[in-house]
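Student: structure, please.
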Amino acid sequence: MGIVAPSARVGRRRAYTFADVLAARTTRRLVDAGVSLRVIRRAVDSLRSTEPGMAQPVTDARLGTEGNQLIARHDGVRFDPVTGQRLLDFEVDALREDVVRTLRPQPSKRQRDAYAHYLEGLRLDEEETTRGRAEESYRKAIDLDPRLATALTNLGNLRLVAGDRAEAESMYRRALAADPSQAEAPYNLAYLLVERGSHHEAVPLFERALSLKPDFAEAHFNLAMALTELGRKERARGHWKRYLALDPAGAWAGVARQHLKGDPGE
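Tutor: Numbers count the residues shown, from 1 in each chain. Sure, this is the predicted structure:
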């Protein structure tokens, strides 16, 4: 069994949900941080065995790194996801530097308070049992600073996972208007539009995400999928190839290779 597998079905075909995409994105970040796919696969296999209720172990167990160590966080406990051994519980303060980098010059008290609520939402939003509290934190952040694009995008992600596509779309569009330099908002909005079958609308949004983040592997993959659905297969080939160059062992590498061979696997 792979690290991330499609968990839904469209007719007779298996399909990836937005939750699957988030899991694949987290896996890519772990690999970029130096964690081998073998170690991630061992952790996922162990979690599936010990925590069978987890739909997506990568995100449900909030897999991350501390130094060179792969760690998991679940139900307020930090542990080694391979061995299950509980780790000493201490807080890492690295996010404080992120506050300094991300806040606007000379932020107002409202902006500082908004960012504090955003960080609280970020801490809570990857664990299913605390996602409701994460939403509350993001909403408080947005009330204080309606242009805090990261909070808008993350709230949109939670609403999409919850099945509220209308509010998710609204949050992504607000994030786009608030911060045109953010690649996540156009990508996530495009993904939502693809789910709806609006491939023509999705293509320029995927392209916008790639103009901001050229090595965004998932955007290359999904742009290629959208172009293929529109019959623009020759143009899609470049993005299949770019995706494979960026993520040759990724969750969707086999799909990309099938398309390049002219076999979409239908």
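Student: okay, and Gly156 sits in which element?
Tutor: Here Gly156 sits within helix 149-161, counting by DSSP states H and E.
Student: kindly list the longest strand within the protein.
Tutor: Using DSSP state E to define each element, the chain has its longest strand at strand 69-74.
Student: that one: partners in the sheet, and parallel or antiparallel?
Tutor: strand 64-66 (antiparallel), strand 77-79 (antiparallel) (DSSP bridges).
Student: worst average pLDDT in these?
Tutor: Lowest mean pLDDT of these: strand 77-79, a mean of 68.
Student: quick one: contacts for Leu63?
Tutor: By CB atoms under 8 Å, 6 or more residues apart in numbering, the residues touching Leu63 are 26, 30, 40, 43, 57, 70-72, 81. For the C-beta atoms, the positions are set from N, CA and C on the backbone; glycine is no exception.
Student: which of these lies closest to Glu234?
Tutor: The closest of the contacts of Leu63 to Glu234 turns out to be Thr26 (CB to CB; 32.5 Å).
Student: surely Pro214 is in a helix?
Tutor: No - under DSSP: H, G, I helix; E, B strand; the rest coil, Pro214 sits outside any helix and is assigned coil.
Student: ok, now how distant is it from Ala245?
Tutor: Plainly put, Pro214 is 12 Å away from Ala245 if you go by CB to CB, to the nearest Å.
Student: ok, now Arg165?
Tutor: For Arg165 relative to Ala245 (CB to CB), the value is 32 Å.
Student: looking at those two, which has the bigger crowd around it?
Tutor: The neighbour count for Arg165 versus Ala245, taken as other CB atoms under 10 Å, is higher for Arg165 (15 against 11).
Student: now name the helix or strand holding the residue nearest to the more buried one when sequence neighbours are not counted.
Tutor: Among residues not flanking Arg165 along the chain, Leu192 sits closest, at 6.2 Å (CB to CB, 6 or more residues apart in numbering). Per DSSP H and E: Leu192 is located in helix 184-196.
Student: much appreciated, bye for now.
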